[in-house]
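A.B. asks: pasting the sequence and the predicted coordinates here, then a few questions.
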Amino acid sequence: QKEVEQNSGPLSVPEGAIASLNCTYSDRGSQSFFWYRQYSGKSPELIMFIYSNGDKEDGRFTAQLNKASQYVSLLIRDSQPSDSATYLCAVARSGGGADGLTFGKGTHLIIQP
Amino acid sequence: DTAVSQTPKYLVTQMGNDKSIKCEQNLGHDTMYWYKQDSKKFLKIMFSYNNKELIINETVPNRFSPKSPDKAHLNLHINSLELGDSAVYFCATRGGGGETQYFGPGTRLLVL
């Protein structure tokens, strides 16, 4: 059973600080890793994806991947109240093609003004 | 112009009924999916369609059947609805050579 694990939170971070979200996955054959943000009552929207070990930066967001440790994280710098949402870690199954994503249960992030 | 649309947005129905949820995309993507998000917000894939062929079929009851009349549409038929089917159902698409999936707005199904 392929699994993606996240701490459900809530994770409370003061405005302006760095929010750190973590995720582990069980399938060593996983090739692609995604972070989605979901506001209450809305659909998931892609924040970042990462394929290679190391860091990938996009604005205030940095994704980090360590395939040896089967660990992926998302850092949000200069956190804003609008960043308050549930963050879903997702993994593309090995085999590529049309395989769907396996999601974690999400971390609820609260940015305190 | 909405890239991925779903109808209806809300669906309230009685146990035992048969219902359908429709999904349409204008992105020209080859692959479409149905996901179920339960009351605990756990998002789980149900089906995947690629060029009108079912690629994966998770362990969902056979009361659920995806139908793709053409590349732009993937509908979800549910027979004999049960209380446990209450959830938000999301359609998603993937294409352009990448693995990024784009989600529709969701259909909130409530079975009474």
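C.D. replies: In hand now; what should we look at? Residues are numbered from 1 along each chain as shown, chains lettered A, B, ... in the order given.
A.B. asks: what sits against the residue in chain A positioned nearest to chain B?
C.D. replies: Nearest to chain B in chain A, going by C-beta to the nearest C-beta, is residue A:100, at a distance of 3.7 Å. The C-beta positions use only the backbone N, C-alpha and C, and glycine is treated the same way. Contacts here follow C-beta atoms under 8 Å, 6 or more residues apart in numbering or on different chains; on that basis residue A:100 touches A:93, B:33, B:35, B:45, B:48, B:56, B:101.
A.B. asks: what average pLDDT does stretch B:10-21 get?
C.D. replies: Averaging pLDDT along stretch B:10-21 gives 97.
A.B. asks: give the buried residues for it.
C.D. replies: Within stretch B:10-21, the residues that count as buried by 16 or more other C-beta atoms under 10 Å in any protein chain shown are B:11, B:13, B:19, B:21.
A.B. asks: try stretch A:23-33
C.D. replies: Buried residues in stretch A:23-33, counted by 16+ other C-beta under 10 Å: A:23, A:24, A:25, A:27, A:30, A:32, A:33.
A.B. asks: what strand or helix carries the last one?
C.D. replies: It stands for residue A:33. Under the criterion of DSSP states H and E, residue A:33 resides in strand A:32-38.
A.B. asks: these two touch, right, residue B:28 and residue B:95?
C.D. replies: Yes. In terms of C-beta atoms under 8 Å, residue B:28 counts as a neighbour of residue B:95; the distance is 6.5 Å.
A.B. asks: quick one: which of the contacts of residue A:100 sit in strands?
C.D. replies: B:33, B:35, B:45, B:48, B:56, B:101 (DSSP state E).
A.B. asks: in TSV, list the buried residues of stretch A:23-33 along with pLDDT and secondary structure.
C.D. replies: Output for those, formatted as TSV (pLDDT from 0 to 100; DSSP: H, G, I helix; E, B strand; the rest coil):
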residue	pLDDT	secondary structure
A:23	96	strand
A:24	97	strand
A:25	95	strand
A:27	88	coil
A:30	87	coil
A:32	89	strand
A:33	92	strand
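A.B. asks: before I go, just wanted to say thanks for your time.
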